[in-house]
Structures are given as C-alpha cells and as structure tokens.
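Visitor: Pasted the sequence and its predicted model underneath.
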Protein chains: 2
Amino acid sequence: MPKKPLILVTNDDGITAPGIRALISVMNEIGNVVVIAPDSPQSAMGHAITINSTLHCHKIKIDDGPQIEYSCSGTPADCVKLGINEILDSKPDLCVAGVNHGSNSSINVIYSGTMSAAIEATIEGVPAIGFSLLDYRWKANFNHIKNYIKKITLKALKRGIPDKIALNVNFPNLVESKIKGIKICRQAKAYWIEKFDKRKNPQGKEYYWLTGEFINEDSNNDTDEHALNSGYISIVPVKHDLTDYDSMKKIKDWHL
Amino acid sequence: MPKKPLILVTNDDGITAPGIRALISVMNEIGNVVVIAPDSPQSAMGHAITINSTLHCHKIKIDDGPQIEYSCSGTPADCVKLGINEILDSKPDLCVAGVNHGSNSSINVIYSGTMSAAIEATIEGVPAIGFSLLDYRWKANFNHIKNYIKKITLKALKRGIPDKIALNVNFPNLVESKIKGIKICRQAKAYWIEKFDKRKNPQGKEYYWLTGEFINEDSNNDTDEHALNSGYISIVPVKHDLTDYDSMKKIKDWHL
C-alpha cells in the first residue's frame, strides 16, 4: 500500500469554523492530517506575518477524528511557516486551506488570508490548494461540495500541481444539483468600490467602518467570475511572482 | 503653468518614520501632497485590510512643509482605500509608498505593507511606486537617494506607468558614489528559511519568535537581487493579477 500523503490544513476563519471542519473530514479520507490554524478569525489578513510580536501555538482537539491539531495565535501565513519549519517532522505533500466562508475569486485573492496561506506554502515548496464557498454565513452548508474537494485534491496529488503554483478553488453558492462542473479560469479584472460608514463613538470621536461594492469590469467568459455566475466551480492557478514581464520592456524605454 | 499633480503618500513604518519624511520632502517639490499613513509600524502586514474592526483617521502635522497629513489606525492598504475613497476630493495622479526601512526586493514584495499599499492603489486605478532602502535602521540615511526618487517619479508622471502596474523600487545600501545606476528587473526567485526561536514566558508557557535566513536560489543576472548586489537600483513592475497563465493549459489537461 503506498504511503499516505502528509497534509497540512489551515484557514483564515479560525480553527473552529465549520469550513475547516468540513475540509479536515475530507482530508482524513486521503492522508495523514495535521491542522495548524488561527485561534481567532483572520479574514482579510492578506499575506501578513508576525515579526514584531510573539507567536503562541498549542495542541488542541476540536472534534473527533485521526487528525492532529494545533491552535496558533498568528496569521494564516504564520500557521504555514510554523507548520512547515517547526511543528511538522517532515515536509508536507500538500497544504490545503479553507473551506473559506465567502468568495476568494478575482481580486479577493489579494486580501484573502486563506489564499495567502496557500501561496505561502508554494513559496516554501509545498503544493497547495485554497477552497472557498460563496456563502459568508457561519452555518453555510459544506456537505455537498465535499465530493468535489476530494476529487480535486486526489487529482492534484496524482498529476502534481505545477511548481510554485497554488490552486484557487471557488464554489458557487448553489445546491449540488445546480452545479454544472469545473472550469479552469483566469482571475477576473475586478475591484471593490469602498464606501466608509462614518460614525461617532460615545465620546463623540469619529471613526469609520469599511464597506464596499464589488465591481466586475471583465465581461469575458474565461474568468472565475464568469464561471461562478454560470454555475461552475472555478479553479485559477495562482503564482507569487508578481513581475509584469510585458511592462519591463516599456519601462526600459524610459532610459532612466 | 500645468496643474501640479496630486500625490498620495503612505508607508508601513508609520507616519513618523524618517523614510516617509524623506519621501514627503521630495514629493513636495513635484506636486500637491496628501499623506495618509499608519499611526504605528505596520511592517510585514502584507495586503491586510481592516474589515472586522473600526478605523480612526485624523489630521496631524508632523513637521514643516506644505503637505496635508492624516494619521490612520489601519494598515497601509487601509490608508490607500481611505485616502482615495473618503479623504481626497479627487483621485490622486500618483500614489507613492515608503521610503521603506529595509528591502522589499524579490519575495519580500509579498509580505510588504509598503508594496501592498502601492498595489492597492493600482487596483483602484491609481499609478503607484513603492520605494525601499536596503537599510533597516531607523537612522538610515535617505538624503543621497532623494535625487533618484525625484528622477524616477518625474519620469513615471511624464511617461505614464502601464495600467494597473506598480513600480517596486529598491535602493542598495551604498553611499551615493558607489551607486552605478538603475536596472529594470524581474523579481528574483527567493524565499526565507524560517527558524523559530522557542522561549518560555515568566509563567513557563512556550512561545515563538520568527527569525529567518534569506535564500536566493536565482543566479540569473536579470533579477532585482542581482542588480542590488551589483550596486544598481532595481525597478520591478508588479501586478495584482496572480493568474499563472502557463499552468491553465496543464490543469485543463487533468480533465476534472
């Protein structure tokens, strides 16, 4: 019997979130699972890491199952760094992050703690997949996407994700019978128009809450937004080399 | 006389850092300057934004000059969102971030609050430049790089940075006479080997400090690391579309 893969599981909604519990249950069917996840919600933490403060990490057991679990005071990227470099005895075969409560499609990948955890794993040479469901609710239903998560993960382990690449998998907020399949996509060109809700605290001091409206300015049919809006699961391969090679020539022509 | 450009200035080391004071002094020679910067250090915050907490932002005057300044409780990306969408009356012509105390070359771009501020501006349709000096010290000398900052900024305003692209400018830690010039580069393939310094608090509870060693596994001569190590200022055009287009075909072949 081939050796079971070692799978590192993390997220940004916190170690008790229903999304990560669903992901752990699927990964237990595939490999040996070690969970290292934030002890509190870390949504929108992007690729933040903890360099000016201390980190705490301790063994914990949230629910039944063969997985080993650690709760960590840091960000999702901290959890991955700590896991790969300190907690685990050997390099994991795969890192999975999620299932995120809410979308990480298009520009949201930039702000996402879940996807930053997956990207951090690829920086450290570990293949990674981030899973997100387009349902922000804590009581979102993850059961009907478990088979898809298993299928995608097994295929990734068998075929091998390209070097230094993470898969950004988003599930539409649809019941199982309405999901049409899986599409490999590019990140849609989209952004948020921010609105700041200005309020006064009991002492009369002004403060803001960030709110916003998502604007997709990309009408092509090869994007993650198009796939999700058409009832498909989207997979975008993402990388951490941010160089825009097309612009290099143009800027060389500035003759600085 | 042509209208002076409106320039938004921010950073991640905090509004009182010598690096941003140097940047403000240069920008005052070029345009109308509004500073919106974190009220405390926000290094390594990546692209974190504040969605589960409130933001405070108030007018402040740190030192002399025509600039208008705001101190903000949020992350560098928050400062840019708040500036463009709430504080400024019109869209800025340029956003500059820095001068960062320490390198944001190669993989450091991912963790950098300074570069995430610049990238956030490009998401919002504002051209942006992040400046960093390879000297971590608070008392680092920024005087000798001011002429380069002015030259690069004026050229960027004149020629126009390609749409949705930020320039990641890093200065070697060298005296002026040793700086050989400017090179347009790609991001080197590099990473950090993390080491966690494990300690016990006075109550006997274990905690960690993140430390690490920078590993550049990229020996080609077209990278930012190569330029900086050879005495050049490096400029890497960076983008926020993380899609790895080369991998899309490979993953389509998985027939998911």
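Guide: Structure's in. What do you need?

Visitor: Please enumerate the helices of chain A.
Guide: Per DSSP state H, chain A carries helices over the ranges A:18-27, A:76-82, A:108-111, A:113-123, A:146-159, A:224-229, A:245-252.

Visitor: which stretch among these comes nearest chain B?
Guide: In terms of Cβ to the nearest Cβ, the element of the helices of chain A nearest to chain B is helix A:245-252, at 3.7 Å. Bear in mind the C-beta positions are built from the backbone N, C-alpha and C, glycine included.

Visitor: any idea of the angle the closest one forms with helix B:146-159?
Guide: 110 degrees (axes from the mean of the first three to the mean of the last three Cα atoms, to 10 degrees).

Visitor: picking up where we left off before, columns mean pLDDT on top of the helices of chain A, output as JSON lines?
Guide: What follows is those, written out as JSON lines (pLDDT from 0 to 100):
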{"stretch": "helix A:18-27", "mean pLDDT": "98"}
{"stretch": "helix A:76-82", "mean pLDDT": "95"}
{"stretch": "helix A:108-111", "mean pLDDT": "94"}
{"stretch": "helix A:113-123", "mean pLDDT": "96"}
{"stretch": "helix A:146-159", "mean pLDDT": "98"}
{"stretch": "helix A:224-229", "mean pLDDT": "98"}
{"stretch": "helix A:245-252", "mean pLDDT": "96"}
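
Visitor: For my notes, please list those in TSV and give mean neighbour count and distance to chain B for each entry.
Guide: Below are the helices of chain A laid out as TSV (neighbours: other Cβ atoms under 10 Å in any protein chain shown; distance: least, Cβ to the nearest Cβ, whole Å):
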stretch	mean neighbour count	distance to chain B
helix A:18-27	23	16
helix A:76-82	29	5
helix A:108-111	25	5
helix A:113-123	29	5
helix A:146-159	17	5
helix A:224-229	23	9
helix A:245-252	15	4
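
Visitor: would you turn the ones you listed into a markdown table with distance to B:Ser73?
Guide: Formatted as a markdown table, these follow (distance: least, Cβ to Cβ, whole Å):
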| stretch | distance to B:Ser73 |
| --- | --- |
| helix A:18-27 | 29 |
| helix A:76-82 | 22 |
| helix A:108-111 | 18 |
| helix A:113-123 | 20 |
| helix A:146-159 | 38 |
| helix A:224-229 | 32 |
| helix A:245-252 | 34 |
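
Visitor: how about those, which one is nearest B:Lys195?
Guide: helix A:76-82 (10.1 Å; Cβ to Cβ).

Visitor: what does that closest one contact?
Guide: A:8, A:10-12, A:36-38, A:42, A:45, A:47-50, A:55, A:57, A:72, A:74, A:95, A:97, A:113-114, A:116-117, A:120-121, A:124, B:46, B:111, B:194, B:196, B:208, B:210 (Cβ atoms under 8 Å, 6 or more residues apart in numbering or on different chains).

Visitor: Show me which of those residues are buried.
Guide: Among the contacts of helix A:76-82, those buried by neighbour count (16 or more other Cβ atoms under 10 Å in any protein chain shown) are A:8, A:10-12, A:36-38, A:42, A:45, A:47-50, A:55, A:57, A:72, A:74, A:95, A:97, A:113-114, A:116-117, A:120-121, A:124, B:46, B:111, B:194, B:196, B:208, B:210.

Visitor: Could you measure from the nearest residue to A:Gly31 once chain neighbours are set aside over to A:Phe131?
Guide: Closest residue to A:Gly31 apart from its sequence neighbours, by Cβ to Cβ, 6 or more residues apart in numbering or on different chains: A:Pro5 at 3.9 Å. A:Pro5 sits 17 Å away from A:Phe131, taking Cβ to Cβ, to the nearest Å as the criterion.

Visitor: And A:His240, by the same measure?
Guide: For A:His240 relative to A:Phe131 (Cβ to Cβ), the value is 19 Å.

Visitor: Which one of the two is surrounded by more residues?
Guide: Set A:His240 next to A:Phe131 and count neighbours by other Cβ atoms under 10 Å in any protein chain shown: A:Phe131 wins out with 31 against 21.

Visitor: ok now do the more buried one, which residues does it touch?
Guide: A:Leu23, A:Val96, A:Ala97, A:Gly98, A:Val99, A:Asn100, A:Thr114, A:Ile145, A:Ile149, A:Val169, A:Phe171.

Visitor: burial of A:His144, as a residue count?
Guide: 15.

Visitor: Is it in contact with A:Lys178, as I believe?
Guide: No: counting by Cβ atoms under 8 Å, A:His144 does not reach A:Lys178; the two are 9.9 Å apart.

Visitor: measure A:Ile129 to A:Ile161 for me?
Guide: Where A:Ile161 is concerned, A:Ile129 sits at a distance of 7 Å (Cβ to Cβ).

Visitor: Between those two, which contacts overlap?
Guide: A:Leu167.

Visitor: Restricted to strands, list the contacts of A:Phe131.
Guide: A:Val96, A:Ala97, A:Gly98, A:Val99, A:Asn100, A:Val169, A:Phe171 (DSSP state E).

Visitor: measure the closest residue to the fourth one other than its chain neighbours to A:Gln42 for me?
Guide: Put plainly, it is A:Val99. Nearest residue to A:Val99, sequence neighbours excluded (Cβ to Cβ, 6+ apart): A:Gly19, at 3.8 Å. For A:Gly19, the distance to A:Gln42 equals 13 Å [Cβ to Cβ].

Visitor: Of all the residues in stretch A:208-221, which ones are buried?
Guide: A:Tyr208, A:Leu210, A:Asn216, A:Asp218.

Visitor: which of the residues you listed come close to chain B?
Guide: A:Tyr208, A:Leu210 (Cβ under 8 Å from any Cβ of the partner chain).

Visitor: Next up, the contacts around A:Gln187.
Guide: A:Ser105, A:Ser106, A:Ile107, A:Val109, A:Asn168, A:Thr223, A:Asp224, A:Val236, A:Val238, B:Asp241, B:Leu242, B:Thr243.

Visitor: Try it again at 6 Å.
Guide: Contacts for A:Gln187 were tallied using Cβ atoms under 6 Å, 6 or more residues apart in numbering or on different chains; they are A:Ser106, A:Val236, B:Asp241, B:Thr243.

Visitor: out of these, which is most surrounded?
Guide: A:Val236 (31 neighbours).

Visitor: Tell me the pLDDT of the nearest residue to that one once chain neighbours are set aside.
Guide: Sequence neighbours aside, A:Asn168 is the residue nearest to A:Val236 in space, at 4.4 Å (criterion: Cβ to Cβ, 6+ apart). A:Asn168 is assigned a predicted lDDT (pLDDT) of 98.
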